[in-house]
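Student: what's the 3D shape of this:
(chains A, B and C)
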Amino acid sequence: MKSMIRLAAAAALAFVLAPAASAETVKVGVITTMSGPFASLGQQMDQAIKLYMKLHAKDVEPHKIEIVLRDDTGPAPDVAKRLAQELITRDRVHMLSGVVFTPNAHAIAPLATEAKMPLVIMNAGTSVTTTLSPYFARVSFTLWQSSYPMGQWAQQAGIKSVFTAVTDYGPGHDAEAAFIKGFTEAGGKIAGSVRMPVANPDFVPFIQRAKDANPEAVFTFVPAGRQATAFMKTFAERGMREAGIRLIGPGDITTDEELPSMGDVPLGVVTVHHYSAAHDSPTNKAFQAAWKQEYGANAVPGFMAVGAWDGMHAISHVIKQLNGKIDGDKAMALLKGWKHESPRGPIMIDPDTRDIVQNEYIRRVEKLGNANANIEIGVIPAVKDPWKVFNPPK
Amino acid sequence: MALHPIDHFAAGHRLRPIELLPWALAVGYFFLPNANLPLGTEILIWALFALSLDLVLGYTGIVSLGHAAFFGIGAYAAGLAARWLGWTEPISALLFAGLVAGAAGIVSGMIVLRTHGLTLLMLTMAVAVMLKEIANKLGWLTGGADGLQGIVIDPVLGLYRFDMFGRTSYVYALVVLFLAWIVARRIVHSPFGRGLVGIRENATRMSAIGSPVMRRMVTVYAISAALAGVAGALLAQSTRYVTLNVLSLEYSGDVLIMLVLGGMGRLYGAFAGATVFLVLRDELSKISPAYWGFGIGLLLVATVLFARGGLLGLVDIALARIRGKRS
Amino acid sequence: MISAFIGILFDGLAYAMILYIISVGLSVTMGMMGFANLAHGAFAMAGGYVMVTLMQQLGLPFLATLPLVFVIVAAISVAFERLLYARLYRAGELDQVLFTIGLIFMAIAATTFVWGPLPQAVRLPPYLMGQVDLGFRTFPTYRTFLIVIGAVLILALWLGLERTRLGAQVRAAVDNRRMAESVGINVGRLFTTTFALGSGLAGLGGALGADILAPTPSYALEHLVYFLIVVAVGGMGSIRGPFVAALLLGVMDTAGKYYVPDFGAFFIYVAMMGLLLWRPHGLFGRA
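Tutor: Residues are numbered from 1 along each chain as shown, chains lettered A, B, ... in the order given. Model prediction:
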């Protein structure tokens, strides 16, 4: 009897104390890669999310964001799908995000559709991905966005023949196809192509092959954060520059995190990409400063961090607009056409494709003070994913 | 009170009540209100995979670091059949995948089983690595590194759709594992199975007494490959996605770890190992997404130092102690 | 044509030197004690990290770090051997495999914790960068350096094995452990010494090769296959076998990727299968 009274009193008290506009806790499940050979990618994502929560969690008040972060161990769609299932059915998250690798996103697609679960993709950059579920929206990039304009630029810059060397997996194939299309349409000539195994200890044979083909430039894509330094070093060691061969590629080969450890080797390399840590804008300066304050003066946030940072902004936009009550269809309607001033520049989510529209910058690696930096020397504004333009939905 | 070998044989053949315990637990878990069925399904699939390895490693002494070759062949067989041939009926596809993997087991068994030790280890591994490279090169067929997407699977028996809570997958995997366990149990308690243990203990002597060692080894290798293939097909059907990692060295290594961790040559070791390994990995990676590997490593090291014979070996020792005190 | 071929031989040789220096210790320990130490690559990784740390934190010059790396990694390995490995000499092969894989997992997590997940970059001194002109053609300086230093190390190793007392004991213990014990060789202590030397060499190889195989947390797992191929093809317990195997592997891998890049990743596995089916105990192993 006593306990009954106490219970009733507690209930009454709770009722009185409840604020007029109820404060919701929105759970966001983040699936990313925190262990294994690709752990550095998930680490950047994780750090960006933590920094965002520290600085911007108050933006959604009175509501709260709760992050449930899980490790998918790398390109492992079976694990990623199971984690998504767990997050949806057991942790009862309201939105999903993260996803470094394309196959992981693809495996989650049917689930997202079935559960009407919005997924804000913070990295996975294969063009076709966003077409696989109406609940996918991407804030990162596609490889076509950088590599197709790279091909056009190369021809305009007076490069007549290019040898392509890409890693033999999805993103590598995308980069290769996009560059070749952009370059040959503009009248350039492909001097040869190789695809390099994913697990590849030594780049010498491929670079030697490129050298023997005697092109004016080598276009390359290797997985960000792991192999670019090794590729770059071997490129220099082979005397490619002395032979008058330039190195070009998407920004994955000169990521801001890896640049400091490359020494003088990458100076002069031209890339096309959506983000440089040296991008000159107040938003970016504030972002860089906040990052350094949190993670140390030598820490550099790269495009992976910016993808996660903007992804969190997109998520909090949805939470604010829906007043904390997340509904899959309403969330997607809000994400479509969402505009934002990102550290990379202005971005928008294309209402038709739910894919990112952003500026692509032509950058050259130069010394900025003592450190290497991707200095922007040109900009192509508001680039839509070219692959979707060439392959319209049937 | 040492058992005569024949009595031991007979005693092993009879079903002891304790053997039903894992099944009771697995069925009971399904009805728990907050059961993690996706993880449960993964455990069942890996348990089947580890069970298949137990036949060759635990009972016959064939060390393989490439068993994912058959797991992957099964996964791709089921996935490709559903994707390209419209073979969306799951149960027949499972059998088809088992047959394909079994056939691959015969072919590769005839080549690699002539060796042993480190050489055998390297050859089994090489087979899996080459298959993975082939699957990568056949991107137009397999989707390459991006994976095989667009797999459609019919409801099981035309009734049970694969739902996002993982209920269908769990029950489906449990039934398949149970059937596979019955098959494996019959094999190891048959004269053929006793012959396998003989090969493990002393292959030279077995051939001296006229046992067709090579043929038996290839046979059990093919059966094991078929079971691994069924496990792979289960994964493909429940994930509705296949990528190259089903053929990877990591998967070959993980299944070996699970089996040795649980305890080899006892069928149930596969269940214990898969459960402990995957549950621990899941829990640890929730606590520390980046450093959970340390805990897993510690578990393996501690198992070897303090529980030689795997986790079930530890149970044996504990039971023996209790019995010893009683008598 | 000829020039390209010479280039491949040269690159393959430099690569082979690293593989050999890292793997030779594994071959000897596996041959002598039958110990399947899959974590051997972790010592090579440790070598790379120790070198980078000595250079960056203490500002030591590259060459000065090399002997230190050898000593430090050898010392670490002795601690591991005495405290952990020694308990498992009589254990089954699979227990050893499980144990050493456990060590790899722990090493990966610990390394990530201390140095972070990104690969470490080595800043070579300027005199080792660029190209060197050997009269008839130019070669990359660092790889030339690798070949020279590798050759010196191998010569020292082989001479030591033939001419010193320790070398004779090692040969005896690999040949027939029981016989060696019965003539009064303390195989346990000999093994500790050999293990330390082998691990120290692996550390040195890891440091020397760090410019090509950059130190990353998952190093021991990523390159394990290559080290095992060298041991299996060369023949367990052999000192010269692994050199020939490393040479074949280095040259074939490089040549395969150069001439048929589309099937570059297949080459070494096809070659290994062929060699192992032809000689199941390795090129220089005994039945």
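
Student: what sits against C:Leu204?
Tutor: For C:Leu204, the contacting residues are C:21, C:47, C:66, C:69-70, C:73, C:153, by CB atoms under 8 Å, 6 or more residues apart in numbering or on different chains. For every residue, glycine as well, the C-beta is placed using N, CA and C.

Student: so which elements touch the helix or strand hosting C:Ala245?
Tutor: For C:Ala245, the element it lies in under DSSP states H and E is helix C:241-259. Counting contacts by 3 or more CB pairs under 8 Å, 6 or more residues apart in numbering or on different chains; DSSP states H and E, helix C:241-259 is packed against helix A:204-212, helix C:2-33, helix C:224-234, helix C:267-278.

Student: just the residues contacting the last one, thanks.
Tutor: This means helix C:267-278. B:111, B:114-115, B:119, B:122-123, B:126-127, B:129-130, B:133, C:229, C:232-233, C:248-249, C:252-253, C:255-257, C:260, C:282-283.

Student: could you do the shortest one as well?
Tutor: The contact list for helix A:204-212, computed with CB under 8 Å, 6+ apart, reads A:163, A:165, A:192, A:194, A:196, A:218, A:231, A:234-235, A:238, A:240, A:243, A:245, C:4, C:7-8, C:11, C:15, C:253-258, C:261, C:264.

Student: going by neighbour count, which residues of it are buried?
Tutor: Neighbour-count burial for helix A:204-212, counted by 16 or more other CB atoms under 10 Å in any protein chain shown, picks out A:204-211.

Student: repeat for the second one
Tutor: Neighbour counts using 16+ other CB under 10 Å place C:7-8, C:10-33 of helix C:2-33 among the buried residues.

Student: got the angle for the helix or strand following that helix vs helix C:2-33?
Tutor: Where DSSP H and E defines the elements, the next helix or strand beyond helix C:2-33 is helix C:40-57. Helix C:40-57 and helix C:2-33 are oriented at 110 degrees to each other (axes from the mean of the first three to the mean of the last three CA atoms, to 10 degrees).

Student: what about helix C:40-57, near chain A?
Tutor: No. Using CB under 8 Å from any CB of the partner chain, helix C:40-57 stays clear of chain A, coming no nearer than 10.0 Å.

Student: could I get that helix in PDB with only the CA atoms?
Tutor: Extracted C-alpha coordinates of helix C:40-57, given in PDB (Å, rounded to 0.1, in the frame of the first residue of the first chain):
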ATOM      1  CA  HIS C  40      57.300 -13.000 -35.700                       C
ATOM      2  CA  GLY C  41      56.300 -10.100 -37.900                       C
ATOM      3  CA  ALA C  42      55.400  -8.200 -34.700                       C
ATOM      4  CA  PHE C  43      59.100  -8.000 -34.000                       C
ATOM      5  CA  ALA C  44      59.700  -6.600 -37.400                       C
ATOM      6  CA  MET C  45      57.000  -4.000 -36.800                       C
ATOM      7  CA  ALA C  46      58.500  -3.200 -33.500                       C
ATOM      8  CA  GLY C  47      61.800  -2.500 -35.300                       C
ATOM      9  CA  GLY C  48      60.100   0.000 -37.500                       C
ATOM     10  CA  TYR C  49      58.400   1.800 -34.700                       C
ATOM     11  CA  VAL C  50      61.500   1.800 -32.500                       C
ATOM     12  CA  MET C  51      63.500   3.400 -35.400                       C
ATOM     13  CA  VAL C  52      60.900   6.100 -36.100                       C
ATOM     14  CA  THR C  53      60.600   6.900 -32.400                       C
ATOM     15  CA  LEU C  54      64.400   7.100 -32.000                       C
ATOM     16  CA  MET C  55      64.600   9.400 -35.000                       C
ATOM     17  CA  GLN C  56      61.700  11.600 -34.100                       C
ATOM     18  CA  GLN C  57      61.900  11.800 -30.300                       C
END
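
Student: anything in stretch C:94-106 sitting right up against chain B?
Tutor: Yes. Applying CB under 8 Å from any CB, one finds that stretch C:94-106 is in contact with chain B at C:94-99, C:101-106.
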